[in-house]
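What shape does this take:
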Amino acid sequence: MIEEIWKDDSKHDVYYKKIVSLLKRELAKNPKDIIALTNLGGAYCDTGRHKEAKVLLKKAIELGSKDKNTFFNLGVALMNTQAQKEAKKYFAKSAKLTENELTYEAYIDFQGY
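So this is what the prediction gives:
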């Protein structure tokens, strides 16, 4: 669905609602699912819910995530909650890691900062 949003922005609201709903349902069954935490954190970043994203992504890291996208998405959440110095640390960590093919990188416009 994320790829479809990039192709057709008119699907943004509907698809993100579905994404969030599916991931919340998965986390209700398995609250320690690092992939679901990373993807829900990314979805929250992409919909402006950065404080909520920060909590989920930190939890994924506490649970042992070594996924590039977990760290990158946390950097995005931190950049958008006025914690730029801390965000840079997570972006640097993410650059040293490999992404999990089941997760995705949240959107950020670095030129906007």
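
Check the gap between residue 70 and residue 79 for me.
Distance of residue 70 to residue 79, given as CB to CB, to the nearest Å: 15 Å. Yep, even glycine has a C-beta here, placed from its N, CA and C like the rest.

And those two? Which one has more around it.
residue 70 (32 against 21; other CB atoms under 10 Å).

That one: what's it in contact with?
By CB atoms under 8 Å, 6 or more residues apart in numbering, residue 70 lies in contact with 34, 37-38, 41, 57, 60-61, 94, 103.

Can I get these in TSV including pLDDT and distance to residue 75?
Output for the contacts of residue 70, formatted as TSV (pLDDT from 0 to 100; distance: CB to CB, whole Å):
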residue	pLDDT	distance to residue 75
34	98	17
37	98	15
38	98	13
41	97	11
57	98	9
60	98	13
61	98	12
94	97	6
103	95	14
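
Filter the residues you listed down to the ones in helices?
Among the contacts of residue 70, the members found in helices (DSSP state H) are 34, 37-38, 41, 57, 60-61, 94.

ok, and the most crowded of those?
Going by other CB under 10 Å, residue 38 tops the ones in helices among the contacts of residue 70 with 33 neighbours.

which ones are touching it?
Residue 38 touches 56-57, 60, 65, 67, 69-70, 73, 100, 103, counting by CB under 8 Å, 6+ apart.
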